[in-house]
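> Test case, fold it:
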Amino acid sequence: MAERKPIESWLTDMDGVLMHEGIPVPGADAFIARLKESGRPFLVLTNNSIYTPRDLHARLSRIGLDVPIANIWTSALATAQFLDDQRPGGTAYVIGEAGLTTALHDIGYVLTDHAPDYVVLGETRTYSFEALTKAIRLINDGARFIATNPDETGPSAEGALPATGSVAALITKATGRAPYFVGKPNPLMMRAGLNALGAHSETSAMIGDRMDTDVLAGLEAGMETFLVLTGLTRPDEIDRHPFRPSTVVDSIADLVDRI
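Coordinates of the predicted model:
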């Protein structure tokens, strides 16, 4: 195996890496502080499309993690950039929260339920039967189907919550049309993030807690990958996958000295 070049840019997942159920992972504050001190380009990524980067900056600040707004990259932002590249100034019927609607407004999209170019499905805590019915009928009438991310469940203190991937499956079953998922593990989200940093994959690393999204996305984008064990993936699950991370560590604290 060819020796990798030194890491100059860092991408890290948020939930399960920097925080877990609203509590910072020990060492996360030191990791972010070291990144900022080093001047190395970095992004904090999340497949969750509910919040704007400003919202996430505030949520992270409340638990002692000072991540600048410009260093936060969400599946909503990646989706908006994708749509702006594909069909500038288009229209969309959106099921989602402020993180997604704001991102689409910012690229000049018009949100409408009248013959939209796209139906865009994102994360929300209040999926409406009426909204889902409208989405199904619009897709049947020819709207293109986009979803921010394929995550089937999300975490909560009470247990698993149905997430975008599960709701997308419902719409697919009703329409026979599968969505194009923009978020992880689609390497599109990673490459867009790297482009925003002016970084190159061969000198960049991805840190995540999920084999099926974080590690796979980093691998397919050509990056060095680090799996932390503070989130969803257990040690005994790693070998069940046909791919492996470059390195497995207990937590983000083990990577502070790598910067």
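> Now do the same for the closest residue to Gly218 other than its chain neighbours: helix, strand or coil?
Among residues not flanking Gly218 along the chain, Met206 sits closest, at 3.0 Å (C-beta to C-beta, 6 or more residues apart in numbering). No exception for glycine: its C-beta is placed from N, CA and C like everyone else's. At Met206 the chain is in strand, as set by DSSP: H, G, I helix; E, B strand; the rest coil.
> In this structure Met206 contacts Leu11, no?
Yes - in this structure Met206 lies within contact range of Leu11 using C-beta atoms under 8 Å: 4.8 Å.
> Now for the two: what residues contact both?
Jointly contacting Met206 and Leu11 under the rule C-beta atoms under 8 Å, 6 or more residues apart in numbering are Met190, Gly218, Met223.
> what helices or strands is whatever helix or strand the second one lives in leaning on?
Element membership of Gly218 [criterion: DSSP states H and E] is helix 216-220. Counting contacts by 3 or more C-beta pairs under 8 Å, 6 or more residues apart in numbering; DSSP states H and E, helix 216-220 is packed against helix 187-197, strand 204-208, strand 224-228.
> list the contacts for the closest residue in space to Gly22 that isn't next to it in sequence?
Excluding the flanking residues, the one nearest Gly22 by C-beta to C-beta, 6+ apart is Ile63, at 6.9 Å. Applying C-beta under 8 Å, 6+ apart, we find Ile63 in contact with Met19, Gly22, Ile23, Pro24.
> circling back to that earlier point, so what sits opposite the residue nearest to Gly218 in the bridge?
With DSSP bridges as the criterion, Met206 is bridged to Leu11, Thr225.
> Do you have the helices of the chain handy? List them.
Secondary structure of the chain (DSSP state H): helices located at 28-38, 53-62, 75-86, 98-106, 129-140, 164-175, 187-197, 216-220.
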